[in-house]
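Engineer: any chance you can model this:
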Amino acid sequence: MKIIQLLPTLAFGDAVGNDTMALMQVIRDMGYETGIYAESIDDRVKDKAVRPAYKIPYMKPEDILIYHMSIGSQLTYTIPDYNCRKIMIYHNVTPPELLEDYNAFTANACREGLEQVRYLSDKFDYCLADSEYNKQELIRMGYTCPIDVLPILIPFEDYKKTPSRRVLRRYKDDKVNILFTGRIAPNKKQEDVIKSFYYYKKYIDPDSRLFLVGSYYGMENYYHSLKAFVERLDLKDVYFTGQIRFDEVLAYYHLADVFLCMSEHEGFCVPLAEALDFKIPIIAYDSSAIGGTLGGSGILLKERDHKAAAEMIHRVVTDQALRETVLYNQDIRRQDFEHDVIKKQFEKYIRDFSGE
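Structural biologist: Predicted coordinates for the structure are as follows:
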């Protein structure tokens, strides 16, 4: 019996791509023949088991096809053609209206993706959702097959690697460092992070800086609008890193005093789990899957109030008792995402589904 993963795009450093690669190793360790097949494969992915989608092998009825759903693709319409057992892993699809002002092509791909999620509602035997939020979205779109929640499998061991000394030397001082990591994209609302930082820097602590760590590839228009916004505010100490090396990303996590997330839409939000691992106090706007991912930890903002966010940053930085309480609760939540915990969940789900 073989278990094959299929997805439209396998991108280097992308949350969906990382999850797919991590699950492949688990499937290998379970003793199954496996591989990953994608329409588009990042040149930086170096694994002989990753192949173009058109090379997918013949699937027997007892085999399992795992399809990662996160964006529209013509690949979706081939799913019914496979005479095997089928599992969807649902990573959610970004609402197109959040993207269309900045990238019409990507917005259209997401619009098609949501239509295709509905099309697939009766095409799978079983679904895994990254979060309870994603599970409920599948139910709303008509899915009646069994659905379980499986958080993204994160290799936390990688975060113990040496951070960039160059970045640490450059910014290691007494300034308060506020961090958000993730693609520069409209659904992540970096403008709201900037607004919150503006109030904090102008009215509370001028000796502070903001790091926005993430690639803006494909969202250059949004990136330039953010840069122009910062200039209009005459706001200093806002740093856009663009796509950077992994050791540099690690350095920014090591430097951070507060992790601020104001995203409007997330299916899971891996950076929140990363901030948990680095023991950085998290302040986050309570939207989409964010509250579920934090699981009662961190500080959730019920309204998109930038002044309140700035005040909360100040409290977390200056109130040692509050900071320790936040970090204590975050550490408890972090344990739920341990690699072995998620790995065992996945193994159990697969064994139960396969009947072995």
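
Engineer: ranges for the strands of the stretch 251-356 of the chain?
Structural biologist: 258-261, 282-285, 299-301 (DSSP state E, counting those that start in this stretch).

Engineer: looking at those, which is closest to Y77?
Structural biologist: strand 258-261 (35.0 Å; C-beta to C-beta). From N, CA and C alone the C-beta is placed, and that goes for glycine too.

Engineer: quick one: list the elements packing against the closest one.
Structural biologist: Contacts defined by 3 or more C-beta pairs under 8 Å, 6 or more residues apart in numbering; DSSP states H and E place strand 258-261 against strand 176-181, helix 190-203, helix 270-277, strand 282-285, helix 306-318.

Engineer: closest one to G214 among these?
Structural biologist: So among the helices and strands packed on strand 258-261, strand 176-181 is nearest, using C-beta to C-beta, at 5.8 Å.

Engineer: buried residues in the closest one?
Structural biologist: 176-181 (16 or more other C-beta atoms under 10 Å).

Engineer: and stretch 130-148, by the same measure?
Structural biologist: If you call a residue buried by 16+ other C-beta under 10 Å, then stretch 130-148 has these buried ones: 130-131, 133-135, 137-138, 143, 147.

Engineer: what do you get for stretch 52-69?
Structural biologist: Neighbour count says stretch 52-69 has 53, 56, 59, 63-69 buried, by 16+ other C-beta under 10 Å.

Engineer: how about the helices in the protein?
Structural biologist: 15-29, 104-119, 132-140, 165-171, 190-203, 220-232, 246-255, 270-277, 290-294, 306-318, 320-334, 339-354 (DSSP state H).

Engineer: what is the last one packed up against?
Structural biologist: With contacts taken as 3+ C-beta pairs under 8 Å, 6+ apart, helix 339-354 sits against helix 15-29, strand 64-69, strand 85-90, strand 126-129.

Engineer: okay if I get those as a markdown table plus mean pLDDT?
Structural biologist: Formatted as a markdown table, the helices and strands packed on helix 339-354 follow (pLDDT from 0 to 100):
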| stretch | mean pLDDT |
| --- | --- |
| helix 15-29 | 94 |
| strand 64-69 | 98 |
| strand 85-90 | 98 |
| strand 126-129 | 98 |
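
Engineer: looking at those, which is nearest to Y349?
Structural biologist: strand 126-129 (6.5 Å).

Engineer: show me what that closest one is packed up against.
Structural biologist: So strand 126-129, by 3+ C-beta pairs under 8 Å, 6+ apart, packs with strand 85-90, helix 132-140, strand 147-149, helix 339-354.

Engineer: residue contacts, P52?
Structural biologist: Under the criterion of C-beta atoms under 8 Å, 6 or more residues apart in numbering, the contact list for P52 reads 37-39, 41.

Engineer: just checking, which of the strands of the stretch 251-356 of the chain sits deepest inside the structure?
Structural biologist: Among these, ranked by average contacts under mean count of other C-beta atoms under 10 Å, first place goes to strand 258-261 (a mean of 26).

Engineer: distance to I4 for the helices and strands packed on helix 339-354 - can I get that in a markdown table?
Structural biologist: Formatted as a markdown table, the helices and strands packed on helix 339-354 follow (distance: least, C-beta to C-beta, whole Å):
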| stretch | distance to I4 |
| --- | --- |
| helix 15-29 | 9 |
| strand 64-69 | 6 |
| strand 85-90 | 10 |
| strand 126-129 | 15 |
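
Engineer: which one of these lies closest to Y239?
Structural biologist: Using C-beta to C-beta, the nearest of the helices and strands packed on helix 339-354 to Y239 is helix 15-29, at 22.4 Å.

Engineer: show me what counts as buried in that closest one.
Structural biologist: Here helix 15-29 shows 15-24, 26-27 as buried, counting by 16+ other C-beta under 10 Å.

Engineer: distance between that helix and the chain's centre?
Structural biologist: 15 Å (C-alpha atoms, centre = their mean, to the nearest Å).

Engineer: kindly report the same for stretch 215-226.
Structural biologist: Distance, centroid of stretch 215-226 to centroid of chain: 18 Å (C-alpha atoms, centre = their mean).

Engineer: and stretch 317-328, by the same measure?
Structural biologist: The chain centroid and the centroid of stretch 317-328 are separated by 26 Å under C-alpha atoms, centre = their mean.

Engineer: so which residues make contact with that stretch?
Structural biologist: 176, 205, 257-258, 279, 281-282, 297-299, 315-316.

Engineer: and of the helices of the chain, who's closest to S263?
Structural biologist: Of all those, helix 290-294 sits nearest to S263, with 6.6 Å by C-beta to C-beta.

Engineer: got a list of contacts for the closest one?
Structural biologist: By C-beta under 8 Å, 6+ apart, helix 290-294 touches 131-133, 151, 261, 263, 266, 268-269, 272-273, 282, 284, 300, 330, 333.

Engineer: any idea how far Q243 is from I56?
Structural biologist: Relative to I56, Q243 is positioned 30 Å away (C-beta to C-beta, to the nearest Å).

Engineer: no wait, I87
Structural biologist: From I87 across to I56, the span is 15 Å (C-beta to C-beta).
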